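Q: Build the 3D model from these lines:
(2 chains)
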Amino acid sequence: MPARRDACNEKDETEQRVRIFREILFGLAMLLIAASSTQAAPLPSWSFSLMAGAYQPNEPGYDSNYGDPREFRIDLELGYKITRRIEAGLSIGYFADNGLALGAVSGTPSGVKQQLVLFPTQLYLVYQFAFKDDQLLVPYIGGGYTHMTYRRYVEGQGTVMGGKEGYHGRAGLKFLLNRLEPAAAVKLYDSSGIINSYFLLESQYARVDNFGGSSVDLGGWSYFGGFQFEF
Amino acid sequence: MSKPDRQQSSLLRTVWLVFPLLWILFPSQLHAATINVGPDEDHKTIQSALDDAQTGDTVFVEIGTYAENVVLQDGITIEGEETAGTKIVGTGVSGDTVAITGNSTISNMTIINTVTGSAAISISSNVTGVSITNNLIIGSKTGTGSAGISISPNVTGLNVTNNLIVGGNTGIQCAASSTLTITNNTIDTNTTGIACTGPTTMTFENNIVSNNTTGGINFTPSVTGVIDYNDVYNNGSNLYNPGTHDFNGDPKFADPTVNDYHLQTGSACLNAGDPSTSDPAKFDDKEVLTSPIDYSQNDCGAYGGPNRDAAPFQVQNVVPTTPGTDAIVLNWNANLAYNTANYNISFDNKVHTITNDIPSPPYSNSLTVAATTANCPSTSIPLTCTTTLSLPLTAPGNLTAPFGDQELFLSWNAPSGFKIATGYNVYYMEQGGSTWTSISVGNVTSYTLRGLTNGTTYDVKVTAVASPSYVINATALDDFTTPHESHLLVPDVSVTINCSIPSCESPDSNITSGTPESIAPFPDLPDQDHCFIATAAYGSSWEPHVIILRIFRDEYLKPYDWGRRFIAWYYRHSPPWARYLNEHAWLKPMVRITLVPAVGLAYFFVKTTTAIRLLSLLLMLCLLGGTLVMRRMKRSRG
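A: A predicted model of the protein is given here:
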């Protein structure tokens, strides 16, 4: 009988464990439900940024080929907030410039038109100095990997295409627009789920020369203004 | 059913009931069509279009002369493209040129009767609601019974407005028991202007009845109604009871010899029409607010009233002459209409087609000449205006010649003044040379001079060339704030000028020089998109196998001359194969298999150190050596 009792005891213990496990699961579920129901304004998980500004390539001699070294660049970014302060993301951009190629002998501008188009793609990590949810000014710094797809067209010589790799660093300052129009911010959240809207100013420096060597550096300074939406 | 549902249902029911009812009651209004008549249309004759027309349709007649008699049935509109240019000429066999048998409209046509005893337009008995507007109606036959417009008995609701009725036995003849409105017509140079018997109820206002040899207005006493504000001038006799404001003054027509019955300055008919403001639509010729001239009331005649044709008469007798060189002297008859202020002269050396007053292509040059500047006379004969088109061909300007690789990119400005250059000659020679080489480059202002030698400096210059043949058109403009413009002449007037320089070539442009040289594209970036066959086979230039091949190319082929030659050979021949591969995707797996050794070799070289490579080489040599030794041993045993 002791053996039978042991078997029964084992069965009881198993059932008891299952019951306890169910209760724990139920309790956790209730906790999650309670937590989600009591959270009035959830913290944002994602951010989307639209930035436009000027790009000034590093490569020496750029301005003698393309004139004014600063040309328009536009970037779109999608970031995921690992924590309230740390964000990882991907950005894609576009930059194009037109100029006249120089003579190989004289080094003077020819009549041959050339165009350089860059498509910067960046993986980045950003740390934001955000100490509270409705902080008006949020400085941030970051950096990451940069891949620059290029397309260079030269009249009469055709197009060359390729890509270069490198890295970049960035620093900026975000201004929380919710503080200006709180009522509008609430409406925006209700209609689209956007929690925070920022106006941002950012500067980036990139070095895109396949990580060193004597090859062409497609990196440079970028100066952006734009908007960021957290949701 | 809820109230909104009931309302919606009621609305649908109404639509379903009313629409078929409308279709039955007014079928023409629901599907009125326009049928075009012209040399290039399906309908070459007006009558064939009328035969196909339904009630409510419009038959639009393009410019041209149509020799036929037509019957205009009930509910149809005939509209000409332009009064002077759209003509119906009776066949001359029998009958009226246009016989109106029902409620219909005819406008903007020239209608010519060619049969003695017939009419240009006749209206059958018992017809109602006919409208005859803006037509030139030429009776042409003066025999008994010949008429411009012949109105049968019992016609009601007839409107005859803004017509010129000239040259017939009787301008308008009407029978008893009619109700007619005849306003703002010019009835001139007929035997009798208008003859009507009563009882007829008539509104006869703002007309000019002039220069009719036997009589101007011949109404029996039973013709009643409003008969007033008419100029009855220089007719043989008049038999009617004049209205209070009927008058007898010289209308001063612009040029009756070409049927231009606009009024000249000083005409008794200017501002002499009915000033009534009770019906502005009827008695306002719309000049008061739009013209700098202070018009206070309607003009009499065909070019007054609210429905008048506002365009000035087409410019007549345009004749170019070419005295001296590089110039055209243009003469034309002055348009003596009192409000013709300017002439627009258009010219170039292209061939134009003109449809609905739209030239194609547009004229390259035009200038506006004031009637006063062109010395146009105001009253006397000859009616000749004149202007000189000065056409010296000046040199092209601002020639530049930036260099390229074995080429110079030339660009220059077209000669100043009128756009008359029809082409350019480019001249070039090595600097210090004595003989220019010339190329005719067509009518462009830039050209790339190719096949030059790098490092050699070339002088270049350009001249313009003009064709001596020109075409010219002219229109008249009135003095309105937004001027009305007469119709273009069709076709253009042509002229050939004498050029002061042989071949009508301009003086030389500035001479400039350029030195072709090879160029250095910036930045100096490699093309990573040229592994054509491999890219096609693997599907992407970023596929790892392709990247390995690319690295191999850059590190092991490019540094060596033989490698570069191989790359150049590959780039030359690879694209067609790659294209073929893309068009036959089923070949790609086989090509990938074929490429395995090449990729493997490239991988070996790219991913291993020099020591491993030497060791591998040693191993291979050993294997090779061992194999050879084994074979020899086998042979010696054998």
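
Q: Under the pLDDT cut-off, which ranges of chain A? List them.
A: Applying pLDDT under 70 to chain A flags residues A:1-41, A:213-214.

Q: Name the residues of it found near chain B, please.
A: Proximity of chain A to chain B, by Cβ under 8 Å from any Cβ of the partner chain, involves residues A:59, A:61-62, A:65-66, A:99-106, A:109-112, A:114, A:116, A:150, A:152, A:154-157, A:159-163, A:216, A:218. Heads up, the C-betas are built off the backbone N, CA and C, glycines and all.

Q: Pull out the buried members of those residues.
A: A:59, A:62, A:65-66, A:99-103, A:109-112, A:114, A:116, A:150, A:152, A:154-155, A:160-163, A:216, A:218 (16 or more other Cβ atoms under 10 Å in any protein chain shown).

Q: if we can go back for a sec, just the ones of the residues of chain A next to chain B in strands?
A: Among the residues of chain A next to chain B, DSSP state E puts A:99-103, A:109-112, A:114, A:116, A:150, A:152, A:154, A:159-163 in strands.

Q: quick one, what contacts B:S150?
A: B:96, B:119, B:121-123, B:170, B:173-174 (Cβ atoms under 8 Å, 6 or more residues apart in numbering or on different chains).

Q: Over to B:N413?
A: Taking Cβ under 8 Å, 6+ apart, one finds B:396-398, B:445 in contact with B:N413.

Q: Nearest to B:I138 among those?
A: B:T445 (52.4 Å; Cβ to Cβ).

Q: Would you mind splitting the chain into its domains for me?
A: You didn't pick a chain, so chain A it is. Domains of chain A are assigned by automatic domain parsing as A:1-39, A:46-230.

Q: Hmm, no, I was thinking of chain B.
A: Using automatic domain parsing, chain B is parsed into the domains B:1-31, B:33-262, B:318-377+B:471-502, B:397-468+B:504-514, B:532-607.

Q: which one of these is the most hemmed in?
A: Of the domains of chain B, the one with the most neighbours on average (mean count of other Cβ atoms under 10 Å in any protein chain shown) is domain B:33-262, at a mean of 21.

Q: and among the domains of chain A, the most buried is which?
A: Mean neighbour counts for these (mean count of other Cβ under 10 Å) peak at domain A:46-230, with a mean of 17.

Q: What are the boundaries of the helices in chain B?
A: B:3-25, B:27-30, B:46-52, B:280-283, B:532-538, B:544-552, B:561-583, B:588-607, B:610-637 (DSSP state H).

Q: re earlier: mind putting the domains of chain B in JSON lines, mean pLDDT included?
A: JSON lines is the format used below for the domains of chain B (pLDDT from 0 to 100):
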{"stretch": "domain B:1-31", "mean pLDDT": "50"}
{"stretch": "domain B:33-262", "mean pLDDT": "90"}
{"stretch": "domain B:318-377+B:471-502", "mean pLDDT": "88"}
{"stretch": "domain B:397-468+B:504-514", "mean pLDDT": "94"}
{"stretch": "domain B:532-607", "mean pLDDT": "83"}
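
Q: I'd like these written out as CSV, with distance to A:N210 added.
A: CSV is the format used below for the domains of chain B (distance: least, Cβ to Cβ, whole Å):
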stretch, distance to A:N210
domain B:1-31, 71
domain B:33-262, 68
domain B:318-377+B:471-502, 55
domain B:397-468+B:504-514, 29
domain B:532-607, 11
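
Q: between the ones you listed, which one is nearest to A:A206?
A: Of all these, it is domain B:532-607 that lies closest to A:A206, at 20.2 Å by Cβ to Cβ.

Q: Endpoints of that closest one, how far apart?
A: For domain B:532-607, the first and last residues are 23 Å from each other (Cα to Cα, to the nearest Å).

Q: cool, and stretch B:244-251?
A: 19 Å.

Q: what does stretch B:253-271 give?
A: Chord length of stretch B:253-271, first to last residue, is 15 Å (Cα to Cα).

Q: do the same with stretch B:475-489
A: 8 Å.

Q: Likewise for stretch B:410-429?
A: End-to-end distance (Cα to Cα), stretch B:410-429: 14 Å.

Q: Please apply the same query to stretch A:122-139.
A: 20 Å.

Q: Including distance to A:Y55, could the contacts of B:S150 go into a markdown table?
A: Shown next, in a markdown table, are those (distance: Cβ to Cβ, whole Å):
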| residue | distance to A:Y55 |
| --- | --- |
| B:D96 | 82 |
| B:A119 | 83 |
| B:I121 | 78 |
| B:S122 | 83 |
| B:I123 | 81 |
| B:T170 | 87 |
| B:Q173 | 87 |
| B:C174 | 86 |
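
Q: tell me the contacts of the closest residue in space to B:V462 that isn't next to it in sequence?
A: Nearest in space to B:V462, with sequence neighbours left out and distances taken as Cβ to Cβ, 6 or more residues apart in numbering or on different chains, is B:S509 at 4.4 Å. Counting by Cβ under 8 Å, 6+ apart, B:S509 touches B:395-399, B:412, B:461-463.

Q: Then B:D246?
A: Contacts of B:D246 (Cβ under 8 Å, 6+ apart): B:227-232.

Q: Closest to the centroid, which residue in the chain?
A: Let's take chain A. Taking Cα atoms, centre = their mean as the criterion, A:G89 is the residue nearest the geometric centre of chain A, at 3.7 Å.

Q: Am I right that that one falls within a strand?
A: Yes. Per DSSP: H, G, I helix; E, B strand; the rest coil, A:G89 lies within a strand segment.

Q: export the contacts of B:D246 to JSON lines and tack on distance to chain A?
A: Shown next, in JSON lines, are the contacts of B:D246 (distance: Cβ to the nearest Cβ, whole Å):
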{"residue": "B:I227", "distance to chain A": "76"}
{"residue": "B:D228", "distance to chain A": "73"}
{"residue": "B:Y229", "distance to chain A": "70"}
{"residue": "B:N230", "distance to chain A": "74"}
{"residue": "B:D231", "distance to chain A": "72"}
{"residue": "B:V232", "distance to chain A": "77"}
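
Q: Take those and lay them out in JSON lines including distance to B:V71.
A: Shown next, in JSON lines, are these (distance: Cβ to Cβ, whole Å):
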{"residue": "B:I227", "distance to B:V71": "32"}
{"residue": "B:D228", "distance to B:V71": "35"}
{"residue": "B:Y229", "distance to B:V71": "35"}
{"residue": "B:N230", "distance to B:V71": "32"}
{"residue": "B:D231", "distance to B:V71": "35"}
{"residue": "B:V232", "distance to B:V71": "34"}
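
Q: Mind checking which of those are in strands?
A: Those of the contacts of B:D246 lying in strands (DSSP E): B:227-228, B:231-232.
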